[in-house]
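Enquirer: here are the coordinates; sequence isn't available:
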């Protein structure tokens, strides 16, 4: 029979997404202080186990020390040296990944289901009894300090640090980047202390994703592993709200740079606010995808920058709209002025139907990628924990973008994206 040939002359038809829904996961309180979340995908053949504990630079005693904990868990335990751990993982074809942010520390393991289940005792050992060898710490410490000092020569990093001060206040305890001076002061004893306080006095979350049917007692093995992580006590965490500085322009001069970096921010509402999801889509329209207003004007029409983007960074009770770009030093003032103009236009010029269609398709396509694999589905639920995303957030995004109108976007921009509220940080020559 003749081979079927692709018709390359006729483009495939494009249709809108059907309504998207994210599958639910099973959540169980294993014991006091330990929660187990699982999502079963039979016959996929793999399993991932990620463990987070509610401790990071935000609530541990030594600034900068918590970020060393997760990467060093693989460097040795009371019963395994780092080299032995590496050989065991390599022999079983299992990957290990440190995870963490200002509020959480964690580690994840991924591989074939039977191999991962067999290595859970080793993972438990790494979480509960790491030794943090002096030599491994010194190597990490030197590398991190060198990277920080290199970063301080880059306009994008310097502008982001200035922007954090403007957005959250110069004395915020955990939203500002760790400085080179703070990092240099960290000792291996500080790292050990942060690990001990984090793992023994804060809640633990275990996320299990993949094929839980291919091994008959997989669920009981995972539950036993989770229960073995029970902390001695659980301390609550209290978010500290930002203290934004007044609208202003701050400039840091760097010698020898050939580009300017611009980081502009506007204080915004938090994830619990009823307008948050709609505002997020307004920010995407402003600068969150390739066809956004900022990209179309400043990059495509005027050629002032290779790329410019905007994002809404949210926590429970507050948020920040961030706009970032790099450009030739000659165009710095022009780019700042164009950012102001685009904010005004977003509030005054409603989108045409073609622009709304592009925005809707981009948002829905991004939401659809969350459903690609069991790992991406669980990534969403893990992010919900790490970022404080409320229940029903996925469905709220679908409702928001499918019902969004140009007039609604204009009202949101006029209310929340006012150019006079910009805090602008610039690193330049």
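Expert: Here it is on my side, so go on. Everything numeric here is computed off the predicted structure, so don't read it as measured data. Numbers count the residues shown, from 1 in each chain.
Enquirer: Can you show me the helices along the stretch 51-200 of the chain?
Expert: Remark: helices assigned in the stretch 51-200 of the chain by DSSP state H, counting those that start in this stretch are 66-72, 82-92, 113-118, 120-128, 134-151, 155-168, 180-185, 188-201.
Enquirer: For the third one, what does the pLDDT average out to?
Expert: So that's helix 113-118. Helix 113-118 shows a mean pLDDT of 97.
Enquirer: Does anything pack onto it? Which helices or strands?
Expert: strand 46-53, helix 218-227 (3 or more C-beta pairs under 8 Å, 6 or more residues apart in numbering; DSSP states H and E). For glycine as for every other residue, the C-beta is placed from the backbone atoms N, C-alpha and C.
Enquirer: counting contacts, what elements does the longest one pack onto?
Expert: Using 3+ C-beta pairs under 8 Å, 6+ apart as the contact criterion, the elements in contact with helix 218-227 are strand 26-31, strand 34-40, strand 46-53, helix 113-118, helix 120-128, strand 204-210.
Enquirer: ok so, going back, minimum distance to residue 182: which of the helices and strands packed on helix 113-118 has it?
Expert: strand 46-53 (21.9 Å; C-beta to C-beta).
Enquirer: for the closest one, the distance to its chain's centre please.
Expert: On the basis of C-alpha atoms, centre = their mean, to the nearest Å, strand 46-53 sits 17 Å off its chain's mean C-alpha point.
Enquirer: Pull the contacting residues for residue 184.
Expert: Contact partners of residue 184, counting by C-beta atoms under 8 Å, 6 or more residues apart in numbering, are residue 145.
Enquirer: and the gap between it and residue 141?
Expert: Distance, residue 184 to residue 141, using C-beta to C-beta, to the nearest Å: 8 Å.
Enquirer: got it, and residue 121?
Expert: Distance of residue 121 to residue 141, computed by C-beta to C-beta: 30 Å.
Enquirer: what does residue 147 give?
Expert: 11 Å.
Enquirer: Residue 46 too?
Expert: According to C-beta to C-beta, residue 46 stands 35 Å off from residue 141.
Enquirer: now do residue 30
Expert: For residue 30 relative to residue 141 (C-beta to C-beta), the value is 35 Å.
Enquirer: same thing with residue 202?
Expert: Taking C-beta to C-beta as the measure, residue 202 falls 24 Å from residue 141.
Enquirer: These two: which is more packed in?
Expert: residue 202 (24 against 17; other C-beta atoms under 10 Å).
Enquirer: Could you verify my assumption that that one touches residue 230?
Expert: No: in this structure, residue 202 is not within contact of residue 230 by C-beta atoms under 8 Å, at 11.8 Å.
Enquirer: So for the two, which residues contact both of them?
Expert: Shared contacts of residue 202 and residue 230, defined by C-beta under 8 Å, 6+ apart, comprise residue 33.
Enquirer: Might you list the low-confidence residue ranges for the stretch 1-150 of the chain?
Expert: Low-confidence segments of the stretch 1-150 of the chain (pLDDT under 70): 1-4.
Enquirer: could you redo the last one with a cut-off of 80?
Expert: For the stretch 1-150 of the chain, residues meeting the criterion pLDDT under 80 lie at 1-7, 14.
Enquirer: returning to what we had before: overlap of the contact sets of residue 184 and residue 141?
Expert: Overlap between the contact sets of residue 184 and residue 141, as judged by C-beta under 8 Å, 6+ apart, is nil.
Enquirer: So residue 396 versus residue 403, what's the distance?
Expert: 11 Å.
Enquirer: Thanks a lot, see you next time.
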